[in-house]
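Chemist: test case, fold it:
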Amino acid sequence: MKPNLLIVDDEEHTREGLELALEDKFEIFLASSAEEAFNALEAEKFEVVLTDLRMSGESGMSVIDFTIRHAPEAICIMMTAYGEVDIAVEAMKRGAFDFLSKPVNLERLELLIRRGLNERTLKQENKDLHQRLDKTYSFDGILGKSTALEKVLEQVQLVGPSKATVLVTGETGTGKELIAQAIHQNSDRSRGPFVPVHCAALPSNLLESEIFGHEKGAFTGAVEKRVGRFESADKGTLFLDEIGEIDSSTQVKLLRFLESKSIERLGSAKTIDLDVRLVCATNRDLRGMTEKGEFREDLFYRMNVVTVHLPPLRERGDDISLLLHHFLKHFAQENGFDIPLLSPDAMSILEKYSWPGNVRELRNFCENLVVLKRGLEVTPYDLDIRFSSNDTKEINSSKMPLEVPHLSVQENEKRLLRNALVQSGGNRTRAAELMGISRRTLHRKLEKWPELDHK
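Modeler: Purely as a prediction, here's the structure:
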């Protein structure tokens, strides 16, 4: 696609002359005043803004200032009359890329534009590189020290530099997109785009257009051309999450891409060749789906060149404490709170808990704990009141010992009373039954420890 160029000049013959000279290489937009330029800059994205200095109404300096504020990614070039060099230099101090005198030398103008676009590309690549290094998406940034995770990272290290299509499998919440990012970052495409598509989040009638794009008028509501995610991922990686949710029509087109490395937009017969690496992910049994006729077998084998299986958190016991400390610190710093301290008993419970929602559940639990925790130390009682009723039952019945050896008799009794009140939902009669004591005895203990009574 040609870069968008905005020409701002109140002289009609100058605008038209520049348009004629540059229209082969740029998508030209014209403005006869600063006010028209402001409107254009709010409505469109421009790579280049070429403006005259002297105009009726507001000057070209206003156009430069407005562009720097509203479209800082655009390069600005000022056109000046002879003898206005000082003003042009002031424009460059404000953020203009360069200037040239009228009458415009077209060769010098094209040279300036090319140089400006090249510099902009280098700056953006440098910015993207620093952002990638700052994020935890990099290979070294994935948290975990368990043997199960180490095996996954070894696979990522091996498959990353290849061109192979990768299928990432695992339960919901295990971090499949994070692994896809790591594969991308450890490939020779790491300077290219990483484009994710969450297939289950889009209706089937929109998913095909989202992935492959469409032409204007391709279907009802297609009022303009749309570039799809495949084209956006050219020279990079396209990540299709929840691939098992795509319909048969999209499956056919996806198979064609894997066979030919080309696509067609909806409503077009033109073939577009692309250099895109495909990484897919699913929490479903695709092999079983192929046997039932719910997923194309030929597409499954095309996608399943390399499979990376991400284990659930219950198989990564050595990683739980590391993840807990990381997320508690992260959310505490984000909210300006102190970092909660997990007591040994609380940590023991959390390490034994099965985490059916995997890392996503653990992350949400940590955010909830940071926001709602009263006091700094996290005790087993704090865990009881934050897990759902089913989870609390699992923790209390099969994970939590009735007594904690290093606590005194009174502390253990107090702890058991807390748990009984939580499990009974504050019902004193039921709490007394759980503890094997009379309701009158429970009442006396609550008078002794009134802070336990949340009724």
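Chemist: domain assignment for this structure?
Modeler: Following automatic domain parsing, one gets these domains for the chain: 4-130, 139-311, 316-452.
Chemist: ok, which stretches of the stretch 51-200 of the chain are helices?
Modeler: For the stretch 51-200 of the chain, the helices defined by DSSP state H, counting those that start in this stretch cover 60-70, 85-94, 106-134, 147-159, 176-185.
Chemist: residue 420 against residue 437, yeah?
Modeler: No. With contact defined as Cβ atoms under 8 Å, residue 420 and residue 437 do not form a contacting pair (9.3 Å). Every residue, glycine included, has its C-beta placed from N, CA and C.
Chemist: what about the two, which has more around it?
Modeler: Here residue 420 and residue 437 are set side by side on neighbour count (other Cβ atoms under 10 Å), and the busier one is residue 420, at 22 against 15.
Chemist: remind me which helix or strand that one belongs to.
Modeler: helix 409-423 (DSSP states H and E).
Chemist: could you pull up the mean pLDDT of that helix?
Modeler: For helix 409-423, mean pLDDT rounds to 72.
Chemist: do the same with stretch 20-31
Modeler: Averaged over stretch 20-31, pLDDT sits at 93.
Chemist: show residues contacting it.
Modeler: Residues outside stretch 20-31 that contact it (Cβ atoms under 8 Å, 6 or more residues apart in numbering) are 1-8, 15, 19, 37, 39-40, 44, 46, 48, 106, 109-110.
Chemist: what's the separation between residue 1 and residue 320?
Modeler: Shown here: residue 1 relative to residue 320, a distance of 48 Å by Cβ to Cβ, to the nearest Å.
Chemist: now swap in residue 242 and tell me
Modeler: With distances taken as Cβ to Cβ, residue 242 is found 26 Å from residue 320.
Chemist: the more surrounded of these two?
Modeler: Here residue 242 and residue 320 are compared on neighbour count by other Cβ under 10 Å; more neighbours surround residue 320, at 21 against 18.
Chemist: SS state for the more buried one?
Modeler: When states are read from DSSP: H, G, I helix; E, B strand; the rest coil, the local structure at residue 320 comes out as helix.
Chemist: what segments of the stretch 301-450 of the chain are strands?
Modeler: 306-309, 341-342, 377-378 (DSSP state E, counting those that start in this stretch).
Chemist: packing partners for the last one?
Modeler: Using 3 or more Cβ pairs under 8 Å, 6 or more residues apart in numbering; DSSP states H and E as the contact criterion, the neighbours of strand 377-378 among helices and strands are strand 341-342.
Chemist: who's in contact with the strand it packs on?
Modeler: 324, 328, 350, 376-378.
Chemist: just checking: what are the partner strands of it?
Modeler: For strand 341-342, the paired strands and their directions (DSSP bridges) are strand 377-378 (parallel).
Chemist: checking my notes, residue 279 in a strand, right?
Modeler: Yes. Counting by three-state DSSP, one finds residue 279 located in a strand.
Chemist: report the beta-bridge partners for it.
Modeler: Residues found in beta-bridge contact with residue 279 (criterion: DSSP bridges) are residue 166, residue 239.
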